[in-house]
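Peer 1: Sequence plus the predicted model coming up.
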Amino acid sequence: MPDAILLDWSMPIMNGLDFVRALRREHEGRKPVVVFCSTENDAEHIGEALRSGANEFIMKPFDADIIESKFAEVGLI
Amino acid sequence: MEETVFREIAELARKGSGQHIPPAKSYLVDARLSSILRREGLSSIEDLVAILTARPDSKLSTEIAAALTSKRTRFFSDRGTLERVVKLVLPELAKRAHDGRIRIWCAGGSTGQEALSLAILIHEMGKKAFEDAQIEIVTTDICERTSASARSGIFGHFEIQKGLSARRMLAHFTRLDTSEWQVSHAIASQIGVRTHNLMQSAEGLGMFDVILCRNVVTDMTKEARIKALLNAGRQLSERGLLVLGEGESAAGLIAGLEPSRAFRGGYNRNVDARDLTVAA
């Protein structure tokens, strides 16, 4: 199991939201850290991602400062 | 850029804002003055200096000096210091606040992220933690445009993501149709925004219980650092706390400011505000 997953919203077969829900169901507790990274960056999508078990949300596009900031936010660095 | 032109601009910055721009950082001049060049319809810094030489314009000079200062900031920068101020210092000040008011000054606060971070922490702790004291935060910047940006409380896609968690972003900001994010009234109403040059007396701003002047004096000449710290220190209330940035110090510069025993990186005034002077 990785320490962290950087997860997009739109993916083939299973979308990011279903993935994080399944992940949290199967692995109780908060690990691994899940950071959503998506262009679906309105308040509704971000809120839904967080309620589903994501620890943080990066709105695309992003730069290195944002990645660093968000990773620090969830204790990865 | 020609050396003589750079020297003119560097001197203008030194006089206007106390900033020291070494030749190795001449690239900053192009970047930070680009919007003024565009607005004035000029193609180079040389043209701008030529205009200032032919037609000295104190308003334009002031604007250039302000534009040359760093605007670099982010939410919750040096989070530990902000949390210590809100969780340790403010509750103690609240117990002693005779008039039920606590005033905080974010000096050189750029586009307002430091003040907003404090306001968010204060809001999250709730009024009871501060004995229901009225907490007022004033953020100042030398640059009119930067102050206007702080006053709007609107942040772009990149700015909003730097230092601010998605949870706090959703809790305290609303997404606009422009894809920008606007701070809530509950947070914004705690903050006043003013344009102020630290080279000038801050008497008009009143006295403050906490002054944050972090990473502001680093780029200044020694003479300007002294002036800025004197001007800030003179607005520090009795038992007030002045907080500088990591690596910044008032030691050897100001007589009457002593390192705080309770707050690492902080200073207290040990003389009357009017008696603060340049250290011998």
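Peer 2: Yep, it's here. Numbers count the residues shown, from 1 in each chain, chains lettered A, B, ... in the order given.
Peer 1: so which helix or strand takes in the closest residue to residue B:109 other than its chain neighbours?
Peer 2: Sequence neighbours aside, residue B:139 is the residue nearest to residue B:109 in space, at 3.5 Å (criterion: Cβ to Cβ, 6 or more residues apart in numbering or on different chains). No exception for glycine: its C-beta is placed from N, CA and C like everyone else's. Secondary structure from DSSP states H and E places residue B:139 in strand B:134-141.
Peer 1: Kindly format the C-alpha coordinates of that strand as CSV.
Peer 2: Extracted in CSV, the C-alpha atoms of strand B:134-141 (Å, rounded to 0.1, in the frame of the first residue of the first chain):
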residue,chain,number,x,y,z
GLN,B,134,-13.1,42.6,19.9
ILE,B,135,-10.1,41.7,17.8
GLU,B,136,-9.2,44.1,15.0
ILE,B,137,-6.6,43.3,12.4
VAL,B,138,-5.0,46.0,10.2
THR,B,139,-2.9,45.0,7.3
THR,B,140,-0.8,47.6,5.5
ASP,B,141,1.3,47.6,2.3
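Peer 1: in what helix or strand does residue A:12 lie?
Peer 2: Residue A:12 belongs to no helix or strand, assigned by DSSP H and E.
Peer 1: the helices in the chain, which residues?
Peer 2: The chain I'm using is chain A. A:16-26, A:43-51, A:64-73 (DSSP state H).
Peer 1: nope, chain B
Peer 2: Assigned by DSSP H, the helices in chain B fall at B:3-17, B:27-40, B:45-54, B:58-67, B:79-84, B:90-96, B:113-125, B:144-152, B:166-172, B:185-188, B:222-233.
Peer 1: Just want the residue of chain A that's nearest chain B.
Peer 2: residue A:57 (3.9 Å; Cβ to the nearest Cβ).
Peer 1: Can you give me the distance of the residue lying closest to residue B:253 once chain neighbours are set aside to residue B:113?
Peer 2: Leaving aside its chain neighbours, residue B:253 sits nearest to residue B:226 (5.1 Å; criterion: Cβ to Cβ, 6+ apart). Distance of residue B:226 to residue B:113, computed by Cβ to Cβ, to the nearest Å: 27 Å.
Peer 1: residues touching residue B:258, list them.
Peer 2: Residues in contact with residue B:258 (Cβ atoms under 8 Å, 6 or more residues apart in numbering or on different chains) are B:267-270.
Peer 1: who wins for most neighbours among the residues you listed?
Peer 2: Tallying neighbours with other Cβ atoms under 10 Å in any protein chain shown puts residue B:267 at the head of the contacts of residue B:258, with 26 neighbours.
Peer 1: Give me the distance from stretch B:132-152 to the chain's centre.
Peer 2: 9 Å (Cα atoms, centre = their mean, to the nearest Å).
Peer 1: And it, end to end?
Peer 2: 27 Å (Cα to Cα, to the nearest Å).
Peer 1: wait, what's in contact with the residue nearest to residue B:109?
Peer 2: B:105-106, B:109, B:112, B:114-115, B:150, B:191-194.
Peer 1: and it, how far is that from residue B:274?
Peer 2: 25 Å.
Peer 1: what number of residues lie near the residue in the stretch 101-250 of chain B that chain A sits nearest to?
Peer 2: Closest contact between the stretch 101-250 of chain B and chain A, by Cβ to the nearest Cβ, is at residue B:166 (3.9 Å). By the measure other Cβ under 10 Å, the count of residues near residue B:166 is 25.
Peer 1: wait, doesn't it sit right on residue A:57?
Peer 2: Yes: contact criterion Cβ atoms under 8 Å: residue B:166 and residue A:57 qualify, at 3.9 Å.
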